[in-house]
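1. Build me a structure from this.
(3 chains)
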Amino acid sequence: MIPLTDNFGVLDRSATEAAHRLLGCVLERNIDGHLARVKIVETEAYDQTDVASHSYRGETTRTKTMFGPPGHLYVYFTYGMHYCCNVVTGPEGTGAAVLIRAAEPLEGSDYMARRRMREGVDISNGPAKLCHALGIDMRLAGHDLHDEPLRLIMKPQVAAQSITQTSRVGITKGINILWRFYLTGNPYVSKP
DNA sequence: AGCGGGATTTTCT
DNA sequence: GAAAATCCCGCTT
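-> Next up is the predicted model:
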């Protein structure tokens, strides 16, 4: 049954607002007969006005998903071996997206630990670790997060007082803006 | 606990 | 040709 209101509507906002709202939301991955569920605990915002963003120089083959509708998945391959995933936000056409940097396993942690060949926080305390744990690669590039096998389940907004806001990680440009958000004290945050 | 380098490929200068 | 929205291993304190 189709819900009366599409709760993905909150993603049709600026990347920074959406980055707030995505904290505490759940990613549900169906893979290989397993169900893996994780809670998002760390995010970063990017948009076309931002020198650190892949969308800064406009739409390209690589970044076209970022300029598409909110609620789809922008996946990129980096450092020759890692994948990272972003949720596209709004307004559509502005090249805005939120990097999912870390998440806390809720279900299927044994399966994810096996994929990662690691245990505990090392399962998913980083953007490439999370993608490895959930089996996210270019096959899911542009995927609509309403649909199987990877769904985003929106949750109520987390209280502002439990969110820490800092500079983003791993970039050399745009370090002056505080577009990284995480759940204060959560052990799965990549770099507290 | 902290630093340095290697892996490995896409993208831009 | 070099940097990159990273991770892992090994060496040094």
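2. looking at this, A:Arg114 is in a helix?
-> Yes - applying DSSP: H, G, I helix; E, B strand; the rest coil, one finds A:Arg114 inside a helix.
3. what about the longest strand in chain A?
-> Of all the elements of type strand in chain A, the one with the most residues (DSSP state E) is strand A:34-46.
4. residues of it that come out buried?
-> Judged by neighbour count using 16 or more other C-beta atoms under 10 Å, the buried positions of strand A:34-46 are A:36-46. C-beta: built from backbone N, CA, C; applies to glycine.
5. what's the span of stretch A:12-28 from first residue to last?
-> Distance between the two ends of stretch A:12-28: 21 Å, counting by C-alpha to C-alpha, to the nearest Å.
6. typo on my end, it should be stretch A:181-189
-> Separation of the first and last residues of stretch A:181-189 by C-alpha to C-alpha is 10 Å.
7. swap in stretch A:57-70?
-> Here the two ends of stretch A:57-70 are set 20 Å apart, with distance taken as C-alpha to C-alpha.
8. Tell me where chain A has strands.
-> Counting by DSSP E, chain A has strands at residues A:26-31, A:34-46, A:73-78, A:82-88, A:97-107, A:150-153, A:163-166, A:180-183.
9. ok, the residue nearest to A:Leu152 when sequence neighbours are not counted - how many residues close by?
-> Residue nearest to A:Leu152 in three dimensions, not counting chain neighbours: A:Leu145, with 3.9 Å by C-beta to C-beta, 6 or more residues apart in numbering. A:Leu145 has 20 neighbouring residues, counting by other C-beta atoms under 10 Å.
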